[in-house]
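Trainee: structure for this input, please:
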Amino acid sequence: MNTYLQIHPDDNVLVALQDLPTGTHIQFNGTSLELIKDVPAKHKFTLTDLQPDAPVVMYGVLVGKANSLIRQGEVITTSNIRHDTTAFHEKDGSIQWQAPDVSKWKTRTFMGYPRKDGQVGTRNYWLVIPMVFCENRNVGVIKTAFEKGLGFAPPELYNEQVSDLVGLYKSGNLEGIKSYQPVSVTETATRSSVFPNVDGIKFLIHEGGCGGTRDDAEALCALLAGYIHHSNVAGATILSLGCQHAQVSILQTALKKLNPTEDKPVLVFEQQKSGSEFNMLSTAIKETFLALVEANKIERQPAPLSKLVIGLECGGSDGFSGISANPAVGHTSDLLVALGGTSILSEFPELCGVEQELINRCNSETASEKFIRIMRAYESQAESVGSGFYQNPSPGNIKDGLITDAIKSAGAAKKGGTSPVVDVLDYTEYATKPGLNLLCTPGNDVESTSAEVGSGANVVLFTTGLGTPTGNPISPVIKLSTNTRLAQRMPDIIDINTGPIISGEKTIAAMGEEILEFVIKTASGEVVTKAEQLHQDDFIPWKRGVSL
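Mentor: As a prediction, the model looks like this:
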């Protein structure tokens, strides 16, 4: 196994692939150097002396500048370098994309749920949605009733543990409590014996709908419309109070824009017109049950891989993310694009420093100009409140080698592969063009994942180096670890380990092909992801404030 790596020939730093102690001798391209400090795995050390203000280059792009003299063989830190990037501008070039060989997948299909508008779902869900936070309690009542009544409720493992402890306490067995060892049970996604073709009923609890700006209400309604229109959704039950900013009429307008035929069932119940809470909930439960009878008639059928829409996401990133999991996912994206499918790359604060490459990859001036406009507006908004994209890396990111936002971004962008950018979407816009789409979202992984699914992603590939349990209510989230140690430490959340890329056991291309095969199985319902097994239904709408 190699102990260090130069990612791009122009880089003036190397990445430690394992812990390298002080005094380690490095021979690289005719250069001999000695590490003057310990370099932890995932961190970077300099190939030459860097004078104050000298550029730090990784992935072939500017990712920072030296604050002071950094000696040859010294580890870079938040103290000795600062975030810096090259300014971006209008499109000044183009790419000649060499699509990967996809001949062995040309005739492959996945088993999906066909929708009347031509979309194909990887799951078949019914949604229950509050228009405003005032209805969250009522949604919770319906959730308990349906999940327990239809058998969708997850196992009550921790309730049982408390019951055991109560029994020990009542018997006076305090020592038994101290030595109590619960039995670990692997959770599985539950299915209903009543409606076997319905994967579940999902509940999009949120804290919005009123009290914010009218723009907040418009954005929330547009996001909810994307979820209702989504290929993985058979229909929805809407609970409205009546007086909130997020009016049902706004939602209906957004839905009509996405699907003018309005051929998907949407049941609306307004509490202020229902006479009583009991009347509203009883009616909503009965009408929803009847709708589930119809949803259960939809069965999986073979569909071309071009009907897959994958979200490209990361969270809890580390110094290996841009070397293993992200480029592997990028190759998967390229394979799917070559097959006529769609991929969505989001998290605009984590594209900082690689804007020009993405601009030049846009296949139209319209797309490149829109990307420039959104990126500049987003950065300006962050700066107006004393922040900026440079504040994106978390303490965990920094501890594991992502010292500046530009370093993090250069690695994060690898999830988008090398294919042309066919469209640039603002938040809540729905992906309609096959190929790689850029979607404006924050770097916050739950806000971003929620947005990717709201824009049509029916499978999400989520890379993580530190470990995060993020999932989504309606789209399966496949979790990929950047390193083997994480996959071994948190096996309950990791679906695929890309650590063999770091150890040299597998190539990026081979891993990308394995990921595509896993996507096909997941899309067909043959594989239930770890996030689904854990009922990890994360959903957070973005209020277009400064979320990085």
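Trainee: and stretch 263-272, what's buried?
Mentor: 264-267, 269-271 (16 or more other CB atoms under 10 Å). For every residue, glycine as well, the C-beta is placed using N, CA and C.
Trainee: now do the same end-to-end measure for that stretch.
Mentor: 27 Å (CA to CA, to the nearest Å).
Trainee: surely residue 405 touches residue 348?
Mentor: No. Residue 405 is beyond contact range of residue 348, at 11.5 Å (criterion: CB atoms under 8 Å).
Trainee: please enumerate the strands of the stretch 51-200 of the chain.
Mentor: All strands of the stretch 51-200 of the chain, identified by DSSP state E, counting those that start in this stretch, fall at 55-58, 61-66, 81-82, 109-114, 120-121, 125-130, 200-203.
Trainee: of those strands, which is nearest residue 158?
Mentor: strand 200-203 (19.9 Å; CB to CB).
Trainee: any idea how far the next helix or strand after the closest one is from the middle of the chain?
Mentor: Using DSSP states H and E, the helix or strand that directly follows strand 200-203 along the chain is helix 214-229. The chain centre lies 19 Å from the centre of helix 214-229; the measure is CA atoms, centre = their mean, to the nearest Å.
Trainee: mind listing the helices for the stretch 201-350 of the chain?
Mentor: 214-229, 248-258, 277-295, 325-338 (DSSP state H, counting those that start in this stretch).
Trainee: for those, which one sits closest to residue 76?
Mentor: That would be helix 325-338 among these, by CB to CB, at 20.0 Å.
Trainee: and that closest one, what other elements does it pack with?
Mentor: Applying 3 or more CB pairs under 8 Å, 6 or more residues apart in numbering; DSSP states H and E, we find helix 325-338 packed against strand 309-314, strand 342-345, strand 435-439, strand 459-464, strand 477-481, helix 508-523.
Trainee: try it again with 6 Å
Mentor: strand 459-464, helix 508-523 (3 or more CB pairs under 6 Å, 6 or more residues apart in numbering; DSSP states H and E).
Trainee: dump those to a markdown table, plus mean neighbour count.
Mentor: Converted to a markdown table, those look like this (neighbours: other CB atoms under 10 Å):
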| stretch | mean neighbour count |
| --- | --- |
| strand 459-464 | 28 |
| helix 508-523 | 20 |
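Trainee: adding distance to residue 191 and mean pLDDT, write the ones you listed out as TSV.
Mentor: Output for these, formatted as TSV (distance: least, CB to CB, whole Å; pLDDT from 0 to 100):
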stretch	distance to residue 191	mean pLDDT
strand 459-464	19	98
helix 508-523	16	98
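Trainee: generate a markdown table for these, with distance to residue 495 as supplementary columns.
Mentor: Formatted as a markdown table, the helices and strands packed on helix 325-338 follow (distance: least, CB to CB, whole Å):
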| stretch | distance to residue 495 |
| --- | --- |
| strand 459-464 | 9 |
| helix 508-523 | 7 |
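Trainee: so which of these gets nearest residue 155?
Mentor: Nearest of the helices and strands packed on helix 325-338 (CB to CB): helix 508-523, 21.9 Å.
Trainee: any idea which helix or strand comes after the helix or strand of the chain with the lowest mean pLDDT?
Mentor: Using mean pLDDT, DSSP states H and E, the weakest-scoring helix or strand in the chain turns out to be helix 395-399, at a mean of 85. Counting by DSSP H and E, the element after helix 395-399 in chain order, helix or strand, is helix 405-412.
Trainee: compute the inter-axis angle for that next one and strand 309-314.
Mentor: 140 degrees (axes from the mean of the first three to the mean of the last three CA atoms, to 10 degrees).
Trainee: kindly export helix 405-412 (C-alpha atoms) in CSV.
Mentor: Extracted C-alpha coordinates of helix 405-412, given in CSV (Å, rounded to 0.1, in the frame of the first residue of the first chain):
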residue,chain,number,x,y,z
ASP,A,405,-13.5,25.1,2.2
ALA,A,406,-11.7,25.1,-1.1
ILE,A,407,-10.0,21.8,-0.2
LYS,A,408,-13.4,20.4,0.8
SER,A,409,-15.0,21.7,-2.3
ALA,A,410,-12.4,20.4,-4.7
GLY,A,411,-13.0,16.9,-3.3
ALA,A,412,-16.8,17.2,-3.0
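Trainee: tell me the mean pLDDT over the next helix-or-strand element following it?
Mentor: As assigned by DSSP H and E, the chain's next helix or strand after helix 405-412 is strand 421-425. Averaged across strand 421-425, the pLDDT comes to 98.
Trainee: can you check stretch 537-548 too?
Mentor: Mean predicted confidence for stretch 537-548 is 84.
Trainee: quick one: buried residues of that stretch?
Mentor: For stretch 537-548, the buried set under the neighbour-count rule, 16+ other CB under 10 Å, comprises 537-544, 546, 548.
Trainee: now tell me what touches the host helix or strand of residue 33 from outside.
Mentor: Using DSSP H and E, residue 33 maps to strand 31-34. For strand 31-34, the surrounding residues in contact (CB atoms under 6 Å, 6 or more residues apart in numbering) are 25-26, 72-73.
Trainee: again, only this time at 7 Å
Mentor: With contacts defined as CB atoms under 7 Å, 6 or more residues apart in numbering, strand 31-34 is touched by 23, 25-26, 47, 72-73.
Trainee: output those as CSV; include the columns neighbour count, distance to residue 239 and pLDDT.
Mentor: Shown next, in CSV, are these (neighbours: other CB atoms under 10 Å; distance: CB to CB, whole Å; pLDDT from 0 to 100):
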residue, neighbour count, distance to residue 239, pLDDT
23, 11, 66, 93
25, 9, 67, 94
26, 19, 62, 92
47, 19, 60, 94
72, 17, 64, 94
73, 24, 62, 92
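Trainee: okay, and for the protein, where does confidence drop off?
Mentor: Where the chain drops to pLDDT under 70, the residues are 1, 185-190, 390, 545-546, 548.
Trainee: buried residues in the strand holding residue 33?
Mentor: In strand 31-34, counting by 16+ other CB under 10 Å, buried: residue 33.
Trainee: helix or strand next in line after it, which one?
Mentor: strand 44-46.
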